[in-house]
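Participant: Can you look at this prediction? I've put the sequence above it.
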Amino acid sequence: MGRFAVILPAAGRSSRFGDPDEKKIYTDIAGRAVWLRAIDAFVNNDDVGQIIIAIAEDDREMFERRYRDSVAFLGLDVVVGGAERADTVAAALECVKDSCDFVAVHDAARPCVTPALVAAVFEIARERGAAMPAVPVADTIKRASAEGVVVETVPRDGLFLAQTPQVFRRDWLVEAYEKRDRNGPGATDDARLVEAIGRPIAIVPGSPFNLKITTRDDLKLARAVLAVLEQEKPLEEGLPFADERSKWDDLPKIRPSDLFGS
């Protein structure tokens, strides 16, 4: 039995996606729903002992109808989430098996995470107690006023863009959620809550390919990324994380016309 449980919070409203008829995680991407793509990197990982997807109450009937067979085949656990993301993760956390000492929380809207990145984050979490992928901020950052006027340029040294999966010792994450109301106001990810109880979180080099779908344009980019990863899959097998990181520069370049048309 693996020592890692994986939680996919999937109860969000997708308010920025721009499709009133379909939430982003249920949208088709390369023949499968986004959320199913998001768990691909976990289902064959020997360290994973449980995968939990937390859905919205309003989606329960649709989810059962569409995905009953996939859930049974993959051995997933399904729970109903809450109104806020933290409520959803908390509901899933209560269902984690006793055999799992670590918990990974992965965005259901990140369908391009690779097995190598997952393995790297798992390894560092084992060593340090908590780990997350992140990429350095490359663009110049401006802080603006409420009127949309630049008020300062923010130094980007030491700034990173957080990604998932974020992986924690189970007891750390449980403690963080027990204290979230007083220690983690305004938290937008689980790392913020764990930081609030004074636990260090190690950064693992993330990937610009590990994108999160927010708008419909992001779907076009994700489809292009998945096509590239599919082409590279035979070369990826058995490679350590460091080797995979070094090969991103060798991947085919994606042109704007590939994503949005000429």
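Facilitator: That came in fine, so what should we check first? The model shown is predicted, which means the values in this text are computed figures rather than measured ones.
Participant: A108 and I201, how far apart?
Facilitator: As for A108, its distance to I201 is 21 Å (criterion: Cβ to Cβ, to the nearest Å). The way it works is simple: take the backbone N, C-alpha and C, and place the C-beta from them, glycine included.
Participant: More neighbours: the two, which one.
Facilitator: When neighbours are counted by other Cβ atoms under 10 Å, A108 and I201 differ, and A108 comes out ahead with 28 against 22.
Participant: And that one, which helix or strand is it part of?
Facilitator: Assigned by DSSP states H and E, A108 falls within no helix or strand.
Participant: quick one: it and A38 touch, right?
Facilitator: Yes: the pair A108 / A38 is scored as a contact, 5.2 Å apart, by Cβ atoms under 8 Å.
Participant: I'd like to know how many residues surround R66.
Facilitator: The burial count for R66: 13, using other Cβ under 10 Å.
Participant: Spell out the secondary structure type for it.
Facilitator: R66 falls in the helix class when you classify it by DSSP: H, G, I helix; E, B strand; the rest coil.
Participant: which ones are touching it?
Facilitator: Neighbour list for R66: 26, 33 [criterion: Cβ atoms under 8 Å, 6 or more residues apart in numbering].
Participant: how near is it to L74?
Facilitator: With Cβ to Cβ as the criterion, R66 and L74 are 14 Å apart.
Participant: What segments of this structure are strands?
Facilitator: Taking DSSP state E, the strands of the chain run over residues 4-10, 28-29, 32-33, 48-55, 77-80, 102-105, 130-136, 141-144, 150-154, 160-162, 166-169, 202-205.
Participant: Format the ones you listed as CSV; extra columns: distance to Y177, mean neighbour count and mean pLDDT.
Facilitator: What follows is these, written out as CSV (distance: least, Cβ to Cβ, whole Å; neighbours: other Cβ atoms under 10 Å; pLDDT from 0 to 100):
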stretch, distance to Y177, mean neighbour count, mean pLDDT
strand 4-10, 11, 28, 97
strand 28-29, 31, 17, 90
strand 32-33, 27, 18, 93
strand 48-55, 13, 23, 97
strand 77-80, 14, 16, 96
strand 102-105, 10, 26, 98
strand 130-136, 14, 21, 97
strand 141-144, 30, 10, 94
strand 150-154, 30, 10, 95
strand 160-162, 18, 15, 95
strand 166-169, 10, 25, 98
strand 202-205, 20, 17, 96
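Participant: Which one of those lies nearest to R216?
Facilitator: strand 28-29 (11.3 Å; Cβ to Cβ).
Participant: What helices and strands are in contact with the closest one?
Facilitator: helix 216-236 (3 or more Cβ pairs under 8 Å, 6 or more residues apart in numbering; DSSP states H and E).
Participant: other SSEs contacting the helix it packs on?
Facilitator: Using 3+ Cβ pairs under 8 Å, 6+ apart, helix 216-236 sits against strand 28-29, helix 34-38, helix 241-247, helix 256-260.
Participant: Touching both of A108 and A38, which residues are there?
Facilitator: 8, 25.
Participant: and the gap between the closest residue to E175 other than its chain neighbours and A130?
Facilitator: Spatial nearest neighbour of E175, excluding adjacent residues (Cβ to Cβ, 6 or more residues apart in numbering): I197 at 5.7 Å. Separation of I197 from A130 (Cβ to Cβ): 11 Å.
Participant: I'm done for today, thanks for sticking with me.
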